[in-house]
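A.B. asks: mind looking at a prediction? Sequence and model below.
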Amino acid sequence: MGLHENKHDANDSSEKEDPLLAVPGVLLICCGLMLPCFHAERKEGRRHNTTSIQRNAVDSLSSFDVSTSSEKIPPTPHRIPPSPSRFAPSPHIARVGSVDLSVQQILRATQNFSHSFKLGEGGFGTVYRAVLSDGQVVAVKRAKKDQFAGPSDEFSNEVELLAKIDHRNLVRLLGYTDKGNERIIITEYVPNGTLREHLDGQHGRTLDFNQRLEIAIDIAHALTYLHLYAEKTIIHRDVKSSNILLTDSYRAKVSDFGFARSGPSDTEKTHISTKVKGTAGYLDPEYLRTYQLTPKSDVFSFGILLVEIISARRPVELKRAAEERITIRWLSRNSMKAT
């Protein structure tokens, strides 16, 4: 659910990145958080039965009811969240036949896609809050008409990948419709906005250090699951602050899988060759240069995101002075001055 971010091809964003300046600081911070999470995930995974959980397409997916959430664990200075297992339980799960909605039901649930129900807008479409007849609140992503006129690859890709994942730090798919003049994806509603909104202070308070740390660890757990424990390796390709949603208890959920790709199916291959997709400022310079996509591209984006979480600055801020516009360069210069 990318909000207020422009997604670019390689030609639009290659000038934003300087790998020589970006890599050192990012990797140091990234390794500090990612390595313990990878280790914990692997250890936890061995304790659980690895038998695959089969799904009967999207109609048999589990539903998420935020009104009965048991996740509301207040952050404490000394608590580091444990690594979730492969199929970590979510609060109150219910079967989802009732979320197989018609377009007319969706129109009623969003009051005809009312502006007052709008949550945000991304490259694929607009996201709305929807209240179902039974009182359940969900999020509805409606494709833009120009997207509908073109190929359905992005829509189909997001539905297919969301249907295969199940992790408490990933947004859960509830249903979809591809009928008439509408392409709509229905997901769980995450009530506390995006990480970017909180870094901008739009919710009236500043995230404290412990909340930022736990959010970063939640994102690391989500990426670890996608890269190592999903049925097939999944590379998100658009890890950024506006695609991180927060619950009322400030737990992070990664969203928007429109650009995601399955990793190489051949065990002898380490990458897939593909057109560059992503957001300027977060893109892996090696991926930009070679068009070879690996899970490391997500790790690089995660490193940029860590800098953003700590500094609250966007990766690219064009309104700043020239020497401060690229945050990672600004950070590198200040780090060298400090030493």
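C.D. replies: Everything's here; your move. This one's a predicted model, so the numbers in the text were calculated from it and none came from an experiment.
A.B. asks: quick check: mean pLDDT of stretch 228-246?
C.D. replies: Throughout stretch 228-246, pLDDT has a mean value of 94.
A.B. asks: tell me the buried residues in that stretch?
C.D. replies: 229-230, 233-246 (16 or more other C-beta atoms under 10 Å). Where you see a C-beta, it was placed from the backbone N, CA and C, and this is true even at glycine.
A.B. asks: what's the most distant pair in the residues you listed?
C.D. replies: 233 and 246 (26.2 Å; C-beta to C-beta).
A.B. asks: now residue 237: which helix or strand?
C.D. replies: Residue 237 is part of no helix or strand, with elements assigned from DSSP states H and E.
A.B. asks: got a list of what it touches?
C.D. replies: 259-261, 277-278, 293, 297-298 (C-beta atoms under 8 Å, 6 or more residues apart in numbering).
A.B. asks: got a winner among those residues for most neighbours?
C.D. replies: residue 298 (27 neighbours; other C-beta atoms under 10 Å).
A.B. asks: in a strand, it, correct?
C.D. replies: No. Secondary structure of residue 298, determined by DSSP: H, G, I helix; E, B strand; the rest coil: helix, with no strand assignment.
A.B. asks: so who does it touch?
C.D. replies: Applying C-beta under 8 Å, 6+ apart, the residues contacting residue 298 are 223, 226-227, 235-237, 239.
A.B. asks: if we use 6 Å, what do you get?
C.D. replies: Taking C-beta atoms under 6 Å, 6 or more residues apart in numbering, we find residue 298 in contact with 223, 235-236, 239.
A.B. asks: distance check, residue 335 against residue 305.
C.D. replies: Distance, residue 335 to residue 305, by C-beta to C-beta, to the nearest Å: 18 Å.
A.B. asks: again but with residue 263, I slipped
C.D. replies: 20 Å.
A.B. asks: higher neighbour count, these two?
C.D. replies: Neighbour count, other C-beta under 10 Å: between residue 263 and residue 305, residue 305 has more, with 25 against 19.
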